[in-house]
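Kindly return the folded structure for what I paste below:
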Amino acid sequence: MPDRNDPTPDAIADQRTIADLLARYARATDELASTEPEVRERAARTYDEVFEPQARIGVRDQLSVEGASAWIDFVRRSNAGMRATQHLLGLPVVDLNGDAATVTCSLQSTQFGVQGEIVRVHANYEATATRSGGSSWRLSTLTVEVLAIDPPPSEERPT
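Numbers count the residues shown, from 1 in each chain. Got it, this is the predicted structure:
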């Protein structure tokens, strides 16, 4: 069973495949903000390819949902009023353990509002992946740990 220190081609390929799951997830998340229906549909298909059907996805200490479609609904609600988002990922760290793996990655998400506002979210992704069907890796959990939001959310409450 390969582990993170295993230099074999199989272990390196597994690590690359798992890191690619996060990259494809981030790109699809950005595509969900598109005004073009075909781009949003492609993003939803990518989510289905990246996540296991019963995947647990959430924001640490705030929200956890089951399945890609529930997460898509959350992302769309969260991005209301945004004309675009851009997720930039740091280098992922993948630890293999047979047909299971953990992966962590830092990220910065820049959100561009329809009125010109810009919000940056600094966070980490923490995920687990499993190999199913002998060769296919998919994410079984993904947690976003928000570190900071710039500018900070307003403390004011609407009247």
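
where do the strands sit along the chain?
51-59, 63-66, 82-89, 93-97, 100-113, 118-132, 136-150 (DSSP state E).

For those, please prepare a markdown table with the additional fields mean neighbour count.
(Each C-beta comes from the backbone N, C-alpha and C, glycine too.) Below are the strands of the chain laid out as a markdown table (neighbours: other CB atoms under 10 Å):
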| stretch | mean neighbour count |
| --- | --- |
| strand 51-59 | 18 |
| strand 63-66 | 14 |
| strand 82-89 | 16 |
| strand 93-97 | 17 |
| strand 100-113 | 18 |
| strand 118-132 | 17 |
| strand 136-150 | 16 |
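
Rebuild those as JSON lines, extending it with mean pLDDT.
Converted to JSON lines, the strands of the chain look like this (pLDDT from 0 to 100):
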{"stretch": "strand 51-59", "mean pLDDT": "97"}
{"stretch": "strand 63-66", "mean pLDDT": "96"}
{"stretch": "strand 82-89", "mean pLDDT": "95"}
{"stretch": "strand 93-97", "mean pLDDT": "95"}
{"stretch": "strand 100-113", "mean pLDDT": "96"}
{"stretch": "strand 118-132", "mean pLDDT": "96"}
{"stretch": "strand 136-150", "mean pLDDT": "97"}
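
Export these to a markdown table and append columns for distance to Arg42.
Output for those, formatted as a markdown table (distance: least, CB to CB, whole Å):
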| stretch | distance to Arg42 |
| --- | --- |
| strand 51-59 | 15 |
| strand 63-66 | 21 |
| strand 82-89 | 15 |
| strand 93-97 | 25 |
| strand 100-113 | 19 |
| strand 118-132 | 21 |
| strand 136-150 | 18 |
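
Compare these and give me the one nearest Arg40.
Proximity to Arg40 (CB to CB) singles out strand 82-89 among these, at 12.7 Å.

which residues does Gly58 contact?
By CB atoms under 8 Å, 6 or more residues apart in numbering, the contact list for Gly58 reads Ser64, Val65, Leu142, Thr143, Val144.

was I right about Thr141 contacting Ala127?
Yes. At 5.9 Å, Thr141 counts as touching Ala127 under the criterion of CB atoms under 8 Å.

Show me what stretch 82-98 is in contact with.
Stretch 82-98 is contacted by residues 1-4, 6, 11, 14-15, 18-19, 22-23, 26-27, 29-30, 33-35, 79, 101-114, 125 when judged by CB under 8 Å, 6+ apart.

Lovely, talk soon.
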